[in-house]
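Asker: With the input below, show me the fold.
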Amino acid sequence: MSREPGDRHDQILAVAAALFARKGVAATTVREIADDVGILSGSLYHHFDSKEAMVDEILSPYLKDLGDACQRVVVRPADPRTKLRDLVAECLGVVETHPHATEIYQSDVNYLSQFDRFGYLTAAAAQVRQAWLQVLDDGVAQGAFRPDLEPRIVYRLMRDAIWPSVRWFRPSREHPLSRFAEECTSLFLDGIALPAADAVPSASKTVSASRAVRSG
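Answerer: Coordinates of the predicted model:
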């Protein structure tokens, strides 16, 4: 199917995003991008003045959407647990919308931060971090979350579990994004252990397992 001339810009950007996510920004060349698009390297510069310009156009909308999503949650009139679940869901939604940008940011933020044009990365990360810390701090203050935990560490743990999930989690009808968000929130808030009253004693489980083996 032939493309309209105006589509070439988006086509180049989509190919570049996939290559940057897979290989890394530094390791990807303009020639590779042009070859995958099916144009000469020189023609690519009619659309972008540099490789960094492509990265900028990929990351900017992703970080704006992420910051806006976090702010929407912070201003909602909801309890801390609900807000934390909503933060997870909103961030996962942005990750699903911008999968390549998420991977590029996760892998190359330190590399990109050395360039002046990417100075906004630090401010964008701070905006997201502040939203999470506000929800966590409010939860501690209201008695919803444990006071002995350091919110900054909790945030880092949750962030490093949620964002990289773009590399392996694929939503489906049986396991939609909403369910995954609820599971992530429950895992961090409730853990994986059953309450003591519901837990099956180890001896009982051993006996049950032995009976199952014999009956099988």
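Asker: rest of the way, CA atoms for contacts and neighbours
Answerer: OK.
Asker: so how far is residue 133 from the residue nearest in space to the middle of the chain?
Answerer: Closest to where the C-alpha atoms of the chain average out (CA atoms, centre = their mean) is residue 163, at 2.5 Å. Look at residue 163 and residue 133: by CA to CA, to the nearest Å, they are 17 Å apart.
Asker: can you check residue 10 too?
Answerer: Using CA to CA, we find residue 10 at a distance of 36 Å from residue 133.
Asker: Which one of those two is surrounded by more residues?
Answerer: A direct count of neighbours by other CA atoms under 10 Å for residue 10 and residue 133 places residue 133 higher, at 17 against 11.
Asker: The closest residue to residue 122 other than its chain neighbours: what's it in contact with?
Answerer: Leaving aside its sequence neighbours, residue 122 sits nearest to residue 113 (CA to CA, 6 or more residues apart in numbering; 7.8 Å). By CA atoms under 8 Å, 6 or more residues apart in numbering, residue 113 lies in contact with 119, 121, 122.
Asker: what's the strand or helix carrying the last one packed up against?
Answerer: The secondary structure element spanning residue 122 is helix 120-141 (assigned by DSSP states H and E). Taking 3 or more CA pairs under 8 Å, 6 or more residues apart in numbering; DSSP states H and E as the contact definition, the neighbouring helices and strands of helix 120-141 are helix 51-74, helix 80-97, helix 151-162.
Asker: a markdown table for these, including mean pLDDT, distance to residue 32 and mean neighbour count?
Answerer: Listed next are the helices and strands packed on helix 120-141 as a markdown table, based on pLDDT from 0 to 100; distance: least, CA to CA, whole Å; neighbours: other CA atoms under 10 Å:
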| stretch | mean pLDDT | distance to residue 32 | mean neighbour count |
| --- | --- | --- | --- |
| helix 51-74 | 96 | 11 | 18 |
| helix 80-97 | 91 | 25 | 21 |
| helix 151-162 | 90 | 30 | 15 |
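Asker: how about the ones you listed, which one is nearest residue 181?
Answerer: Of all the helices and strands packed on helix 120-141, helix 80-97 sits nearest to residue 181, with 5.0 Å by CA to CA.
Asker: Just the C-alpha atoms of the closest one, please, in CSV.
Answerer: What follows is helix 80-97, C-alpha atoms only, in CSV (Å, rounded to 0.1, in the frame of the first residue of the first chain):
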residue,chain,number,x,y,z
PRO,A,80,-4.1,6.8,49.3
ARG,A,81,-4.5,3.1,48.4
THR,A,82,-6.8,4.0,45.5
LYS,A,83,-4.5,6.7,44.4
LEU,A,84,-1.5,4.3,44.5
ARG,A,85,-3.4,1.8,42.4
ASP,A,86,-4.4,4.6,40.0
LEU,A,87,-0.8,5.7,39.7
VAL,A,88,0.2,2.2,38.7
ALA,A,89,-2.7,1.9,36.2
GLU,A,90,-2.1,5.3,34.7
CYS,A,91,1.7,4.8,34.4
LEU,A,92,1.1,1.3,32.8
GLY,A,93,-1.3,2.9,30.4
VAL,A,94,1.3,5.4,29.3
VAL,A,95,3.9,2.6,29.0
GLU,A,96,1.4,0.7,26.8
THR,A,97,0.9,3.7,24.6
